[in-house]
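Asks: test case, fold it:
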Amino acid sequence: PKNLSVEADASNAAFLDAFNILSGDVSVLGLNDKTLQPDYIYKSYFERINDTVPTLSLASCPDLGPITFALAALKNGAHFVGTKRLKIKESDRASAMARELEALGGRVTVNENDVIVSKIENIKENQTLICHNDHRIAMSLACVLSTVGGTLDGCECVKKSYPHFFDDLRQLGIDWEEII
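Replies: Modelled structure (predicted):
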């Protein structure tokens with residue numbers, strides 16, 4: 001038996017840090033800037049999405065696909081490469097996010113190994129979006145809907161990796177209501 005210290009999860013931290021790109025003020029603490037977690041690159045990706053229309057590789061960080069697609073749609077757009085692994089996650093994440101972002105008025109082009117997300121110019125508010133039984137899609141869409149309102153269908157799937165996600169959103173001052 002040993003006592004071990006485990007560093008914070010950069011993958012889940014990305015969803016909370018996304019609120020800072022969406023005009024929030026969230027302190028995300030405990031991340032190790034010398035981590036070997038590939039998803040820690042989210043900090044750099046978020047800055048680039050906020051400042052320009054970047055080309056970003058998801059080849060070694062496919063779990064960032066949904067949240068970076070969501071932010072790109074709300075900010076400046078982006079071109080994502082190395083996306084073929086997104087098909088073999090809990091859902092076909094590129095296609096699922098394309099469908100939901102298009103429901104908001106977005107334009108997403110999904111190719112074999114790249115995805116182009118355009119900035120949504122005229123967002124359709126208060127839409128019902130589907131989580132596709134994918135925890136990362138649910139959390140990404142929750143971030144989007146926190147700015148435009150709407151309903152998430154199937155959001156209980158967050159229990160896979162972040163069971164208290166919606167409780168944490170409430171602590172951040174984001175009102176939500178569970179519809180049964």
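
Asks: just for this structure, where's the confidence low?
Replies: Across the chain, the stretches falling below the confidence threshold (pLDDT under 70) are 178-180.

Asks: would you map the helices across it?
Replies: 10-21, 42-51, 65-74, 93-103, 135-148, 165-171 (DSSP state H).

Asks: just name the most buried of those helices.
Replies: Highest mean neighbour count of the helices of the chain: helix 65-74, a mean of 28 (counted as mean count of other C-beta atoms under 10 Å). Placement of C-beta: from N, CA and C, glycine included.

Asks: contact partners of that one?
Replies: 14-15, 18, 21-22, 42, 45-46, 49-50, 56, 58, 78, 80, 83, 86, 89, 93-94, 96-97, 101, 104, 106, 108, 115, 117-120, 123, 134, 136-137, 139-141, 143-144, 147 (C-beta atoms under 8 Å, 6 or more residues apart in numbering).

Asks: same check on stretch 48-57?
Replies: 21, 45, 68, 71-72, 75-82.

Asks: and that stretch, how far apart are its ends?
Replies: Using C-alpha to C-alpha, to the nearest Å, the gap from the first to the last residue of stretch 48-57 comes to 12 Å.

Asks: next, name the residue at the spatial heart of this protein.
Replies: Averaging the C-alpha coordinates of the chain gives a centre point, and the residue nearest to it by C-alpha atoms, centre = their mean is Ile67 (1.7 Å).

Asks: got a list of what the residue lying closest to it once chain neighbours are set aside touches?
Replies: Nearest residue to Ile67 in three dimensions, chain neighbours excluded: Ser140, at 4.6 Å (C-beta to C-beta, 6 or more residues apart in numbering). The contact partners of Ser140, by C-beta under 8 Å, 6+ apart, come to 15, 18, 66-67, 69-70, 97.

Asks: do that again at 6 Å, thanks
Replies: 66-67, 70 (C-beta atoms under 6 Å, 6 or more residues apart in numbering).

Asks: pick out whichever of those residues sits closest to Tyr162.
Replies: Closest to Tyr162 out of the contacts of Ser140 is Ile67 (12.2 Å), distances taken as C-beta to C-beta.

Asks: and the closest one, how far from Ala10?
Replies: In this structure, Ile67 and Ala10 are separated by 12 Å, where distance is defined by C-beta to C-beta, to the nearest Å.

Asks: what's the answer for Asn133, then?
Replies: Relative to Ala10, Asn133 is positioned 23 Å away (C-beta to C-beta).

Asks: then Val158?
Replies: Going from Val158 to Ala10 by C-beta to C-beta gives 17 Å.

Asks: okay, now Thr35: neighbour count?
Replies: 13 (other C-beta atoms under 10 Å).
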